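Engineer: Fold the following and give me the result.
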Amino acid sequence: MTAKDELLNAGAREHKAFHEALRGLNEEQMTEVWLGTWSVKDIVAHMSGWHREMGAALERIARGERPIPEGVRYDDVDAWNAGFAAAARDAKVADVLLEFDKSHASFMHVAATVSAERYQPGKTAYKIVDLNSAHHYKEHGDQIRAWRTTRGI
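Structural biologist: Residues are numbered from 1 along each chain as shown. Take a look at the predicted model:
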């Protein structure tokens, strides 16, 4: 199995595990603020935002271009995160969850189009896919599971 296959499989597994962390939460629980200023809904919305943003970066890599367009910077991750969450503030929870699954599927589809040579640990494509799928899903899934435990949910 190639590094690319392992990475894409890890993303699929952690996506499923993330959904398990959400299983059974109702609308009120999904919108309760508990992680700083964020709810589960906000967590999900910001992950979708990164899928869309980094999916475009992977498309550029697949075409042999620079992943980040001229003039765009990701230095202030907190500002990007806040923007992604704010964009979904008025959306229904069901719509945010649907967008998460759609954006995940699109992100993984684009990731699959990038050549296997680009998926060596430390390379840009590898980092983009790891940080915006398996790693991201596990990080936030663990936080949600811990919150659920403290709340007895």
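Engineer: contacts for stretch 65-74?
Structural biologist: 57, 58, 60, 61, 80, 124, 125, 128 (C-beta atoms under 8 Å, 6 or more residues apart in numbering). Where you see a C-beta, it was placed from the backbone N, CA and C, and this is true even at glycine.
Engineer: for the first one, phi and psi?
Structural biologist: In terms of degrees, to the nearest 10, the main-chain angles of residue 57 are phi -60, psi -40.
Engineer: ok, and the closest non-adjacent residue to it?
Structural biologist: Distance criterion C-beta to C-beta, 6 or more residues apart in numbering; nearest residue to residue 57, sequence neighbours excluded, is residue 67 at 3.9 Å.
Engineer: Then the third one?
Structural biologist: Excluding the flanking residues, the one nearest residue 60 by C-beta to C-beta, 6+ apart is residue 67, at 5.3 Å.
Engineer: so how many other residues sit close to the one you found?
Structural biologist: Using other C-beta atoms under 10 Å, residue 67 is surrounded by 17 other residues.
Engineer: cool, and residue 77?
Structural biologist: Look at residue 77: counted by other C-beta under 10 Å, it has 10 neighbours.
Engineer: Confirm that the residue nearest to residue 57 sits in a strand.
Structural biologist: No - using DSSP: H, G, I helix; E, B strand; the rest coil, the assignment for residue 67 is coil, not a strand.
Engineer: For this structure, just list every one of the strands.
Structural biologist: Assigned by DSSP state E, the chain shows no strands.
Engineer: Lowest mean pLDDT among the helices and strands, pick that one out for this protein.
Structural biologist: helix 77-87 (a mean of 92; mean pLDDT, DSSP states H and E).
Engineer: Mind giving me the packing neighbours of it?
Structural biologist: Where contact means 3 or more C-beta pairs under 8 Å, 6 or more residues apart in numbering; DSSP states H and E, helix 77-87 is packed against helix 40-62.
Engineer: Now do the helix it packs on and helix 77-87, the angle between them.
Structural biologist: 120 degrees (axes from the mean of the first three to the mean of the last three C-alpha atoms, to 10 degrees).
Engineer: buried set for helix 40-62?
Structural biologist: 40-51, 53-58, 61-62 (16 or more other C-beta atoms under 10 Å).
Engineer: can you check stretch 113-124 too?
Structural biologist: Per 16+ other C-beta under 10 Å, stretch 113-124 contains these buried residues: 114, 118, 119, 124.
Engineer: pretty sure residue 21 is touching residue 145, no?
Structural biologist: Yes - with contact defined as C-beta atoms under 8 Å, residue 21 reaches residue 145; the gap is 5.1 Å.
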